[in-house]
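Chemist: okay, predicted coordinates and the sequence, questions at the end:
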Amino acid sequence: MQPRQLPNLQDAMKIDWDDWKSWEWMQPGWKGVKMHSQCVINADGSAEIRSVLLLPASALEAKDWSES
């Protein structure tokens, strides 16, 4: 078996780990829809993903709740 010529990791681009700080939906004062996700590990060792959709207050005020 011959050694393979793999790329040198030192030549890779620098990763910007803080790019999420520029996402508009992560900024304070964002009025749009937000999605929060949770990963839950169950007692039997299985896992599940739970997510919650958070609507802005303006969307809740606009709905006619008398029909529900």
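Modeler: Happy to help now that I have it. Numbering: from 1, shown residues only.

Chemist: what are the bridge partners for Lys34, then?
Modeler: Leu54 (DSSP bridges).

Chemist: how near is it to Asn42?
Modeler: Using CB to CB, to the nearest Å, Lys34 is found at 26 Å from Asn42. In short, each C-beta sits where N, CA and C put it, glycine included.

Chemist: neighbour count winner among these two?
Modeler: For Lys34 versus Asn42, neighbours defined as other CB atoms under 10 Å are more numerous around Lys34 (13 against 8).

Chemist: now do the contacts for that one.
Modeler: With contact taken as CB atoms under 8 Å, 6 or more residues apart in numbering, Lys34 is in contact with 25, 53-54.

Chemist: residue boundaries of the strands in this protein?
Modeler: Secondary structure of the chain (DSSP state E): strands located at 34-41, 47-54.

Chemist: tabulate those (CSV), appending mean pLDDT and distance to Pro7.
Modeler: Listed next are the strands of the chain as CSV, based on pLDDT from 0 to 100; distance: least, CB to CB, whole Å:
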stretch, mean pLDDT, distance to Pro7
strand 34-41, 82, 32
strand 47-54, 82, 33
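
Chemist: adding distance to Gln5, write the ones you listed out as JSON lines.
Modeler: Below are the strands of the chain laid out as JSON lines (distance: least, CB to CB, whole Å):
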{"stretch": "strand 34-41", "distance to Gln5": "38"}
{"stretch": "strand 47-54", "distance to Gln5": "38"}
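
Chemist: and of these, who's closest to Asp16?
Modeler: Nearest of these to Asp16, taken as CB to CB: strand 34-41 at 22.2 Å.

Chemist: where's the closest one relative to the chain centroid, distance-wise?
Modeler: 8 Å (CA atoms, centre = their mean, to the nearest Å).
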